[in-house]
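*Asks:* coordinates for the following, if possible.
(one chain, ligands or ions: 1)
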Amino acid sequence: MNVRATFDSAGVAGQINFGIGQPSPDLMPVDLFRSLSEQFIAGADPLDFNYGASQGDRRFLESLAAFLTRAYGHPAAPDSLFVTGGNSQAIELVCERFTKPGDTVFVEEPSYFLAFQIFLDRGLNIVSIPLDEQGMRMDALEDALRHHQPALVYTIPSFNNPSGVTLSGPRRERLVDLSRAHDFVIAADEVYQLLVYEGDVPPALGTMIDRGNIVSMGTFSKILAPGLRLGWIQAGPGHIKRLLESGWVNSGGSINHNSSHLARHAMDSGLQDQHIEFAVSRYRERVDVMQEELERAFRPLARWTRPRGGYFFWLELENGIDTVALRGEAIAAGTGFQPGPVFSGSGRFGHCLRLSFAHYTAAQIREGMHRLSGVLRNHA
Ligand SMILES: Cc1ncc(COP(=O)(O)O)c(C=O)c1O
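*Replies:* Here you go, the predicted structure:
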């Protein structure tokens with residue numbers, strides 16, 4: 001990793017920066033939170049403000065199990081769930097519990113740039129496994145397993161960040177078999193599993209925990225609000241036990257007791273399901289708009305595949321433009337993106353870039369794409 005990753009903050013006035021992979025302000029459900037907070041406070045028990053149970057408040061785990069059973073179409077048991085502070089914190093906790101410094105983690109190539117830093121903070125060696133249009137290449141994984149014994153295989157199985165690629169059903173089965181045969185933990189970052197705009201998505205790895213060595217991580221960040229700092233791990237009893245043995249979990253109890261009350265009310269009242277439906281309809285529209293703008297102004301300068309879910313378009317520029325340098329020009333023109341190399345464990349993707357359609361309205365997307373096509377045309 002030779003390029004410093006940036007977490008682009010929201011809210012720079014006048015800028016339309018497609019590097020920001022966060023929900024737009026109009027998708028922050030302020031009214032929904034007002035009503036959830038009222039419901040919660042009206043029935044609150046003093047214990048709701050004390051430390052919570054380490055695995056998560058029982059009522060939350062039960063509501064979450066019912067929600068996941070519906071959303072994943074497969075029974076989820078409350079005992080297989082563990083409250084987290086969202087997937088970033090879950091990745092950190094999984095590293096803490098299932099690796100030691102010097103161990104190896106396999107990651108997809110490309111993969112979520114901000115996870116790399118967490119792995120490096122934990123002293124892990126990163127080995128990249130290439131993707132194709134069916135997700136992580138199993139031939140490459142099996143080849144890497146002949147040379148390394150990974151402690152973890154980190155995957156974003158559905159709508160990979162940044163490529164938008166989804167791991168096929170048969171490859172999920174193969175990965176699960178390999179996790180048992182080679183004794184590694186699959187750390188499945190299922191952040192975009194429920195944001196599907198077109199077609200079907202294969203079953204979440206969270207539905208396969210009985211069959212492999214799987215720790216599935218889910219988050220409310222992209223289906224409700226990132227500021228909740230709330231998510232969950234779904235795993236078998238052995239893995240849950242290891243999580244519960246963490247010293248700091250033991251000391252503090254539920255990782256986010258307070259937010260879990262709000263999420264519980266959202267799931268129980270049906271407002272969570274409604275919000276996902278609303279967000280999916282908005283995101284679907286934004287995919288259409290970004291696709292239209294790309295078709296209009298980016299051919300033949302770039303190639304891409306229309307995403308069927310998640311947050312991102314992944315572009316390959318045709319004329320070998322260095323996207324790290326191009327990013328500076330884009331920012332100067334009032335727009336932006338994430339350059340390809342930040343998503344690589346081995347310095348690849350110098351001519352690729354990631355665009356997020358999540359953070360802006362359709363009208364803003366049109367304007368931002370107009371600015372970006374101007375920047376690209378300077379290099380045509
Ligand atoms: C693949 C992936 N993992 C994790 C996160 C962060 O998740 P959380 O907000 O739950 O920490 C993101 C957010 O962009 C993501 O794309």
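
*Asks:* count of neighbours near G320?
*Replies:* 8 (other Cβ atoms under 10 Å). No exception for glycine: its C-beta is placed from N, CA and C like everyone else's.

*Asks:* now the longest strand seen in the chain, how far from the chain's geometric center?
*Replies:* For the chain, the strand with the greatest residue count under DSSP state E is strand 125-132. Using Cα atoms, centre = their mean, to the nearest Å, the mean C-alpha position of strand 125-132 is found 17 Å from that of the whole chain.

*Asks:* which strands border that strand, and is each parallel or antiparallel?
*Replies:* With DSSP bridges as the test, strand 125-132 is paired with strand 104-109 (parallel), strand 135-136 (antiparallel).

*Asks:* is it anywhere near the ligand?
*Replies:* No: judged by Cβ under 6 Å from any ligand atom, strand 125-132 makes no contact with the ligand; its nearest approach is 13.6 Å.

*Asks:* pLDDT below threshold where in the stretch 1-150 of the chain?
*Replies:* Scanning the stretch 1-150 of the chain for pLDDT under 70 picks out 1-7, 11.

*Asks:* which single residue of it approaches the ligand most closely?
*Replies:* G86 (2.8 Å; Cβ to the nearest ligand atom).

*Asks:* I'd say that residue and T219 touch.
*Replies:* Yes: applying Cβ atoms under 8 Å, one finds G86 in contact with T219, separated by 4.8 Å.

*Asks:* which neighbours do the two share?
*Replies:* With contacts taken as Cβ atoms under 8 Å, 6 or more residues apart in numbering, G86 and T219 have 230-231 as neighbours in common.

*Asks:* which SS class is F40?
*Replies:* helix (DSSP: H, G, I helix; E, B strand; the rest coil).

*Asks:* burial of it, as a residue count?
*Replies:* 16.

*Asks:* now the closest residue to it other than its chain neighbours: phi and psi?
*Replies:* Distances taken as Cβ to Cβ, 6 or more residues apart in numbering place H261 nearest to F40, at 5.0 Å, with adjacent residues excluded. Note on H261: backbone dihedrals following degrees, to the nearest 10 are phi -70, psi -40.

*Asks:* next one, pLDDT for H261 please.
*Replies:* pLDDT recorded at H261 is 97.

*Asks:* and the residue nearest the centre of the chain, what does it touch?
*Replies:* Nearest to the geometric centre of the chain sits V191, at 3.5 Å (Cα atoms, centre = their mean). V191 makes contact with 87, 156, 161, 217-219, 221-222 under the criterion Cβ under 8 Å, 6+ apart.

*Asks:* please flag which of those sit within helices.
*Replies:* Applying DSSP state H to the contacts of V191, the entries found in helices are N87.

*Asks:* which one of the contacts of V191 is nearest P202?
*Replies:* Using Cβ to Cβ, I156 comes nearest to P202 of the contacts of V191, at 13.2 Å.
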